[in-house]
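Student: Pasting the sequence and the predicted model now:
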Amino acid sequence: MTPERWQQVQDVLEKALELAPADRSAYLDQACSSDSSFRHEVETLLAANPGVRSGFLQPSSVSQVTLRSGTKVGEYDVKSLLGSGGMGEVYRARDSRLGRDVAIKVLPSILAADSERLRRFEQEARAVAALNHPNILAIHQMGTYEGSPYMVSELLEGATLREQINRGRLSVRKAIDYGVQIAHGLAAAHEMGIIHRDLKPENLFVTKYGRVKILDFGLAKLTRRRPGSENSSPTFTDETEAGTVMGTVGYMSPEQVRGQQADHRTDIFSFGAILYEMLAGKRAFQKATAADTQSAILTEDPPEVSKSVPDVSPAMQRVVHRCLEKNPEQRFQSASDLAFALDALSETRGPTPSAPPVLGEADAGESGTKRRKMLYSVLLASVLVALGFVFLWLENRQSAAPKALTEMQLTHNNSENRLLDAAISPDGKHLAYTDTKGLHLSTIETGEVHDIPLPDDLRLHLWRVSWLSDGEELLFTTESEAEGYPIWITSIFGGNPRRLGTTSGMQGAKASPRDFLIAFVGGQGREIWVMDANGGNRRLVIHDEKEHYKTLAWSPTGNRLAYLKVADEGSARSLETIALDGGRPSLVIADKRLYDWAPLLWLPDGRLLFDFTETKDPTIFDADDEYVLWGMITDPRSGRASGKPVRITNSNQQAQFATSVSRDGRRLVATKDGIRLDVYVGELKEHGTHLGTPTRLTVSESYDWPSAWLPDGKTVLFSSNRTGKKQIFRQHLGQDLAEPLIPGDSEGSAEEGPDVSPDGHWILYLSSPRGATTARVMRIPVSGGPPEQVTEFRPDDATSFGCPTTPTTSCLFSRSENDFLIFHELDPIHGLGKELARTKIGLAEGVSWAVSPEGLRIAIMGWSKLRGQVRIFDLRNGSERNLQFPGDWKFWDVSWAADGNSLFAAVSSKSTGYFIARIEPDGKTHMLINEGRNHWISYPCPSPDGRYLGFGEQTFEDNAWMLENF
Amino acid sequence: MSQLPPRTVSELLADWHAGNNDALRAALPHVYNELRRVAHRYLQKERPSHTLQSTALVHETYLRLEKQGGLEIQNREHFLAICAQLMRQILVDYARNRNAARRNGGYMLTLDDNLAFKSRSVDMIALDDALNELAKLNQQQSRIVELRFFGGLSIEEVAHVLDLSPTTVKKYWAMARLWLHHELAKTEHA
């Protein structure tokens, strides 16, 4: 190929790529008409397009690992990357001997080059570790792996002080608590003659119990540049470890900046800079460049903390500044003096509303201070519950108020690849989502998407996804025919997913935002459990015999769970919270409008989000529902709610379901659904055991669902909300347009569910007048005429009617009473007749039935007691027979075939998705149409001559959106 | 001996150009994180047996920069662009050495979990050859791939380095990938 030729090829290629794949051939016909080899070149490159689009040569933005999951380091099995920094990567690993998880820090191999220095580092690290001090990270082992030194330490659950400070300044109380702990740790090390030299918030870890641990003792010395400059700054001058330069420079002591001899008081200076930052929420020394920062360390005093934070006392201010003296002689001379001074401050402090502790944080400290603090915290808690929490919330809200809500679409899934769930990472930078093709990870800023490889049997049956608190692992559930919803964990970097157990709730497995814990619904919806993220240590949190749990959320503090429960009897729904360690549940809200299929989400600012099912007119029988996102302030510590529910967004257009929030509470991900239901018709073949390719009959963005055919066998009757209320339409197979069955406005009534009387003269339908508590069955002549009332009734969950097609028979009307489904005669002229039969079905919710063409048998299906079954009830003798199908087959609707022997059933199963099957009298099934998980199909509706099958097909066009300033 | 470090990356790079190798040493830390991120990408899903660690890759890049002496570098993007070129050389050299050592197959880097190669890896040497071929057809397209793929530069950064519009870069990038994909698929079947 020549450059000129390549240019020509590109011109054509570029245009072809802009066209839909189907249109490309025609374009190439025209563009390359004269030159078949030219066309071939273009075509081969076009064929590469799908491969290229899947990420070929695309820069990846997921952070990196050097050790893969499953690698063996010493006797430890590497599981996942926990974090990385300039000084190396930290992995979670399994010590199978002792059955515990540990952390492995792998240092750059370059550090091993100087064996003498490495030896001294090991010696020092071991000496500090030997102290076995509660505020110093415990080191289990050290070694070298493929040339890289590593150390194995206890695995801590929590976050670095850096992460905490990034969320905002700490309360004075907490800063003192942490400060005392750090000082104790330093004092112990200094007594051994060991100096840290690189103390910074990144090197301080706060466990979930509030214990501070100092990390990386001795490491600074190891990374010094050369023995000749023994006391110069630890991480600054080493070109191999530049990543630490920026992070460290603000915490260096003046003597380190000057490259002078540094002793233990250099750590006290760094400590002062950290204490300052905890209190002020900003660095003591921070300038535009490292050089300017260093210059400030040498010459400037940072602004007084008390200037920006009023509740920092003058005594506190003095402690901070005494640590930050330029001259080491003027600082605290020992870390234990410092600890003592700080501890003294903690005794004199009283609660103030402007400095509430971070929500739900446990108090911890050395035993001497602990008792005082607990007492203090009890006093404080009572004040805060009444005042502080609300204050904090208002403060947060006010500061966010001027910004307008922004929304950004994150996924672009269409109806052929239905979005199932989406979750934002703790750092707010990535989105993990599941769809019918797999599990994906996208980078929000660039939109780049990576697939997380999974075996097909998991990949194609995914359900929910959420992040573990480390931001490195994902929790996902799959749908399984036999087992409900298995729970899995996988690293975002790949590797084999680990199976942890099973939840029996569709929504019910969520990872804690703070700890390596997972909560799930078990016991067929009657129990809530918590387990460790490795699947062990399961404990029951709450169980109930009369209610079932639907969906769960963790409190932002990780110490409570919120759950939505539904009463077995009636439709009462309530949202409650409970502490992980038990105790009494606390009610947030009880409201029938709570939508039990929507996720719950508890935001860091205390708002607990849920969806209400909003009915346009609650008095109208089965009016159109809308799902709207609401929130209610709920204290994560006490679990108590305050105030009234507040709407989160004003959009009425699409249902929104809040799935996840970033750790800082700024970015919320919600899925919005765009769904419509269309009527399709297909030709039945081979005696009804096969269905030809269906064609879409209705053309509207609305909900259209068929229920009957006119006797001509060519016209479908369907209900639709296309005019803003439910209304009945008729449409001939040969026509593009539907016409309303009843012309004009029928007093605003909602009309639906038409069927044709056995003699073929009448169309019967349900009508629910606006504002009335009763509904009616109406009739209208097939040949046209005014509608008239057949009967009036008070609707319940089982209200329905249906008609056979044999002329001498009668339509049936159903209602429920206790556990029974009761059938009455229904005559188009004479109205409701005598009770014909009753059958015990348990809950009426989700019950559907159809009467056979000759009017003698009824097929019944339901969601509760009739799970996985179809009941054939014989009206002649009251006998009933249950056809048994797999327990996970969920039946949505049923109708009789024209021959009066077989049934058409709309079913969903976890492994197959949504389908319509023909069921023979002996229970044998033929799959007629299977739409997988992308389309819900139901309302099977055969034409009276058995030639066609009409049905409704729902298209999901859900996508994930990111909301900010919500 | 103490010495306050010089001011900015640009100044350091200018110093290096003036013949001061210590300036490069001082400048490298500032772009080190980016280099490291780039380096890691190649080695991210490497086979466990592969020993060219990303730190080592960065280090090797540094050594070669030092060997080349004071290049004239205008800015951060330009510096990264040079590093991208070096990394390409290092990785390809490495692959060739491996190939020489083991006739069988060669060292393959997995660049992405791309479906294009059915989860298999891209052959570094084949990619290098293909890039050379592409350079004959369109020098800029080859360079864009080098910068994007080996340098980890964004579309905007590449546009800045090559003085092209981002739209052109995006278009060229798409075309180049098509061509390379086809080219590599050919060698794979061969």
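Tutor: Perfect, thanks for sending it.

Student: any low-confidence regions in the stretch 151-300 of chain A?
Tutor: Under the criterion pLDDT under 70, the flagged ranges of the stretch 151-300 of chain A are A:218-248, A:289-290.

Student: swap the cut-off to 50 and go again
Tutor: Confidence mapping of the stretch 151-300 of chain A against pLDDT under 50 gives the ranges A:223-247.

Student: Any idea how many residues pack against A:E545?
Tutor: Counted by other C-beta atoms under 10 Å in any protein chain shown, the residues lying close to A:E545 total 7. C-beta here means a position set from N, CA and C on the backbone, and glycine is covered the same way.

Student: Pretty sure it sits in a helix.
Tutor: No - A:E545 sits outside any helix when classified using DSSP: H, G, I helix; E, B strand; the rest coil, being coil.

Student: Which residues are in contact with it?
Tutor: A:E545 is in contact with A:R526, counting by C-beta atoms under 8 Å, 6 or more residues apart in numbering or on different chains.

Student: and what of A:T266?
Tutor: The neighbours of A:T266, taking C-beta under 8 Å, 6+ apart as the test, are A:195, A:197, A:253, A:255-256, A:328.

Student: Ok, A:Y76 next?
Tutor: A:Y76 makes contact with A:93-95, A:102, A:104, A:152, according to C-beta under 8 Å, 6+ apart.

Student: how about a markdown table for these, with neighbour count, distance to A:F951 and secondary structure added?
Tutor: Listed next are the contacts of A:Y76 as a markdown table, based on neighbours: other C-beta atoms under 10 Å in any protein chain shown; distance: C-beta to C-beta, whole Å; DSSP: H, G, I helix; E, B strand; the rest coil:
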| residue | neighbour count | distance to A:F951 | secondary structure |
| --- | --- | --- | --- |
| A:A93 | 27 | 53 | strand |
| A:R94 | 17 | 51 | strand |
| A:D95 | 18 | 57 | strand |
| A:V102 | 19 | 57 | strand |
| A:I104 | 28 | 57 | strand |
| A:V152 | 22 | 61 | strand |
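
Student: Between all of the residues you listed, which two are separated the most?
Tutor: Greatest spatial distance in the contacts of A:Y76: A:R94 and A:V152, 11.2 Å, computed using C-beta to C-beta.

Student: what's the overlap in contacts for the two?
Tutor: With C-beta under 8 Å, 6+ apart, A:R94 and A:V152 have common neighbours A:76, A:102.

Student: and A:E957, what does it touch?
Tutor: Contacts of A:E957 by C-beta under 8 Å, 6+ apart are A:413-415, A:673-675.

Student: In PyMOL, how would I select the buried members of the residues you listed?
Tutor: Buried members of the contacts of A:E957, defined by 16 or more other C-beta atoms under 10 Å in any protein chain shown, are picked up in PyMOL with:
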select buried, chain A and resi 413+415
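
Student: mind showing which ranges of the chain have poor pLDDT?
Tutor: No chain in the question, so chain A it is. Along chain A, segments meeting pLDDT under 50 span A:60-65, A:86, A:110, A:223-247, A:348-401, A:616-623.

Student: my bad, the chain I had in mind was chain B
Tutor: Judged by pLDDT under 50, the stretches of chain B that qualify are B:1-7, B:41-53, B:101-121.

Student: For the stretch 751-900 of chain A, which segments are assigned as strands?
Tutor: Using DSSP state E, counting those that start in this stretch, the strands of the stretch 751-900 of chain A run over residues A:762-768, A:775-781, A:788-793, A:800-802, A:811-817, A:820-827, A:831-840, A:848-851, A:857-861, A:869-874, A:880-884, A:890-896.

Student: of all the ones you listed, which lies closest to chain B?
Tutor: Closest to chain B of these, according to C-beta to the nearest C-beta: strand A:890-896, at 33.1 Å.

Student: Just the angle for the closest one relative to strand A:869-874, thanks.
Tutor: Per axes from the mean of the first three to the mean of the last three C-alpha atoms, to 10 degrees, the angle that strand A:890-896 makes with strand A:869-874 is 30 degrees.

Student: sorry, back to before: out of the contacts of A:E957, which sit inside strands?
Tutor: Those of these mapping onto strands are A:673, A:675, per DSSP state E.

Student: Surely B:L91 touches B:D123?
Tutor: No - with contact defined as C-beta atoms under 8 Å, B:L91 does not reach B:D123; the gap is 11.3 Å.

Student: Which residue, other than its chain neighbours, is closest to the residue in the stretch 301-450 of chain A that chain B sits nearest to?
Tutor: Chain B sits closest to A:H450 of the stretch 301-450 of chain A, with a gap of 6.1 Å, by C-beta to the nearest C-beta. Leaving out its chain neighbours, the residue that sits closest to A:H450 by C-beta to C-beta, 6 or more residues apart in numbering or on different chains is A:L441, at 4.9 Å.

Student: May I ask which helix or strand encompasses that neighbour?
Tutor: A:L441 belongs to strand A:438-443 when assigned by DSSP states H and E.

Student: Return the distance of that strand from the chain's centre.
Tutor: Offset of strand A:438-443 from its chain centre (C-alpha atoms, centre = their mean, to the nearest Å): 13 Å.

Student: partners of the following helix or strand past that strand in the sheet?
Tutor: Remark: after strand A:438-443, the chain's next helix or strand is strand A:449-452, criterion DSSP H and E. If you go by DSSP bridges, strand A:449-452 pairs up with strand A:438-443 (antiparallel).

Student: wait, what's in contact with A:W488?
Tutor: Counting by C-beta under 8 Å, 6+ apart, A:W488 touches A:458, A:475-478, A:497-500.

Student: at 10 Å instead, please
Tutor: Contact partners of A:W488, counting by C-beta atoms under 10 Å, 6 or more residues apart in numbering or on different chains, are A:439, A:454, A:458, A:462, A:465, A:474-478, A:496-501, A:509.

Student: Buried among those residues? Need that as a selection in PyMOL.
Tutor: Typed into PyMOL, the line below selects the buried ones among these, using 16+ other C-beta under 10 Å:
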select buried, chain A and resi 439+454+458+462+465+474+475+476+477+478+497+498+500+501+509
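
Student: Cross the contacts of A:W488 against strands and list the overlap.
Tutor: Counted as lying in strands by DSSP E, out of the contacts of A:W488, are A:439, A:462, A:465, A:474-478, A:498-501, A:509.

Student: helix, strand or coil for B:I125?
Tutor: Under three-state DSSP, B:I125 comes out as helix.

Student: chain center to stretch A:765-784: distance?
Tutor: 42 Å.

Student: list the buried ones in it?
Tutor: Counting neighbours by 16+ other C-beta under 10 Å, one finds that the buried residues in stretch A:765-784 are A:765-769, A:775-780, A:782.

Student: ok, how many other residues are close to the residue of the stretch 301-450 of chain A closest to chain B?
Tutor: Neighbourhood size, A:H450 [other C-beta under 10 Å]: 22.

Student: Kindly report the same for A:S491.
Tutor: The local packing of A:S491 (other C-beta under 10 Å) involves 22 other residues.

Student: Touching, it and A:W467? I think so.
Tutor: No - counting by C-beta atoms under 10 Å, A:S491 stays clear of A:W467, with 11.6 Å between them.

Student: hey, what's in contact with both of the two?
Tutor: A:473-474.

Student: related to what we said a few turns ago, now for the buried residues of stretch A:765-784: which two are most distant?
Tutor: By the measure C-beta to C-beta, A:P769 and A:V782 form the most distant pair in the buried residues of stretch A:765-784, at 23.5 Å.
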